[in-house]
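> For reference, the sequence and a predicted model appear below.
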Amino acid sequence: METLSITDKEFAQIRDFIYRKTGISMGDSKKALVSGRLFKRLQYYGLRNFTEYFALITSGSSPKELQTAIDLLTTNETYFFREEKHFEFLKTQVLPAVRRGGTYRVWSAACSSGEEPYSLAMLLADGLVGMEFEILASDISTRVLEKARRGLYPMERVERIPPEYLKRYCLRGTGEYDGMLLIEKQLRAKVRFEQVNLIAPMPEVGQFDLIFLRNVMIYFDMETKRQVVGQLLKALKPRGYFFIGHSESLMGVTDKLTMLRPSIYRHASAE
């Protein structure tokens, strides 16, 4: 059996359950995606249909399988220095104005497989010479976090990294790692990866000078956007910066941010 159709009822059950767990809203157009990505799990367990799989992940007896389902149904498209205008703004407008002293803190709140936080780490290492910085990189998917922590990527994934950063912060693989690239150890140490569900109560993570919440709100409805952004803003320092994806909008989501440029905001509260 190469595939199995999912009924409308089965799709609705899984769709609604994933929404409650992650806030991700899936329209009817995602029916084929759900069926395709979960079908191998049915095969793995020898299940006859998606109803049996739904019973498995909602029974409470297999939290690991529930996490696997979430991993499979969360889209993780990313690449180094994605939306380069954000990094140009940071390099030319934000980092030169950072006050010396203390530790500059950044949160990559939907970090996927790590390309975004490592891009930020390279930029901060270059722009904040002699100053401490740290990056919290979070995602709901344990699968992508495990990959991110390794900092190991195929060479074809790194073509957008500026050549000077490739030379300074990356190591070319040899032997069994030929064709791969490893993020340099000291830079990897600047990034702490942690599983965070953006719709769950936030863990204690402290305050940040800069938050990236890019290309994840496209999967949320308006109510969830307000909830997620509201929680993240509690962790943003006064006058801190907030970045979203270029295809996203905060219209109707919050009035606590001032737009500097499309997709680039600053906390409106005074210091």
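That came in fine, so what should we check first?
> Tell me the secondary structure of the residue nearest to residue 15 when sequence neighbours are not counted, please.
Closest residue to residue 15 in three dimensions, ignoring its sequence neighbours and counting by Cβ to Cβ, 6 or more residues apart in numbering: residue 26, at 4.9 Å. In this view, the C-beta of every residue, glycine as well, is placed from N, C-alpha and C. Classification of residue 26 by DSSP: H, G, I helix; E, B strand; the rest coil places it in coil.
> ok, residue 26 to residue 227 distance?
18 Å (Cβ to Cβ, to the nearest Å).
> Any idea how many residues pack against residue 151?
Number of residues near residue 151 (other Cβ atoms under 10 Å) recorded here: 22.
> residues touching the spatially most central residue of the chain, list them.
Centroid-nearest residue in the chain, with Cα atoms, centre = their mean: residue 110, separated by 1.8 Å. Residues counted as contacts of residue 110 (Cβ atoms under 8 Å, 6 or more residues apart in numbering) are 138-139, 198, 212-216.
> how about the helices in the stretch 1-150 of the chain?
Under the criterion DSSP state H, counting those that start in this stretch, the stretch 1-150 of the chain contains helices at 8-22, 31-45, 50-58, 63-73, 84-89, 115-127, 142-150.
> right, and these - which one's nearest residue 245?
Proximity to residue 245 (Cβ to Cβ) singles out helix 84-89 among these, at 9.2 Å.
> In PDB, list the C-alpha atoms belonging to that closest one.
This file holds the C-alpha atoms of helix 84-89, laid out as PDB (Å, rounded to 0.1, in the frame of the first residue of the first chain):
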ATOM      1  CA  GLU A  84      18.600  39.700   3.800                       C
ATOM      2  CA  LYS A  85      17.100  43.200   4.300                       C
ATOM      3  CA  HIS A  86      16.600  42.400   8.000                       C
ATOM      4  CA  PHE A  87      20.200  41.600   8.400                       C
ATOM      5  CA  GLU A  88      21.300  44.700   6.500                       C
ATOM      6  CA  PHE A  89      19.100  46.800   8.900                       C
END
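> what's it in contact with?
With Cβ under 8 Å, 6+ apart as the test, helix 84-89 has contacts from 81, 119, 123, 160, 212, 214, 243, 246, 261, 263-264.
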